[in-house]
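K.L.:
After the sequence you'll find the predicted model.
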Amino acid sequence: MLPTFADGDVVIYRPISSNEAPPEPGSIVVAHHPEKPGIMIIKRLKKITDDGFDLRGDNKNSSTDSRHFGEIKSAQLAGVVESLLL
């Protein structure tokens, strides 16, 4: 997520419950990596479709995101980033 976040940055995120509305496009979210169990990723929510959530990194040329692994399902979405700890 360079330049917004760098490796080692610590963020606080608000968990999303299954009974609340999904985050708005443009929100920065935390999700479970769809191909690497146990790994969490931070991406920007580009759009919501009938098939899932389209996530994109801010650094288009070097980001691994939905262009590579496809849209993620709602169960893989962990929360919305609220702040960065400095």
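P.N.:
On my side now, so go ahead.

K.L.:
Neighbouring strands - and their directions - for the helix or strand Val30 falls within?
P.N.:
Here Val30 is covered by strand 28-32, with elements defined by DSSP states H and E. Applying DSSP bridges, strand 28-32 is found paired with strand 40-48 (antiparallel), strand 77-85 (antiparallel).

K.L.:
highest average neighbour count across those?
P.N.:
Highest mean neighbour count of the strands paired with strand 28-32: strand 40-48, a mean of 18 (counted as mean count of other C-beta atoms under 10 Å). Quick note: C-beta positions are derived from backbone N, CA and C, even for glycine.

K.L.:
ok, back up a step: contacting residues around the strand holding Val30?
P.N.:
Surrounding strand 28-32, the residues in contact under the criterion C-beta atoms under 8 Å, 6 or more residues apart in numbering are 1, 4, 11, 13, 23, 39-45, 53, 55, 72, 76-81.

K.L.:
Repeat that for stretch 45-65.
P.N.:
Contacts made with stretch 45-65 from outside it, assessed by C-beta under 8 Å, 6+ apart, are listed as 1-4, 22-29, 31, 41, 43-44, 66-67, 70-74, 76-77.

K.L.:
Straight-line length of it, end to end?
P.N.:
Stretch 45-65 has an end-to-end distance of 10 Å (criterion: C-alpha to C-alpha, to the nearest Å).
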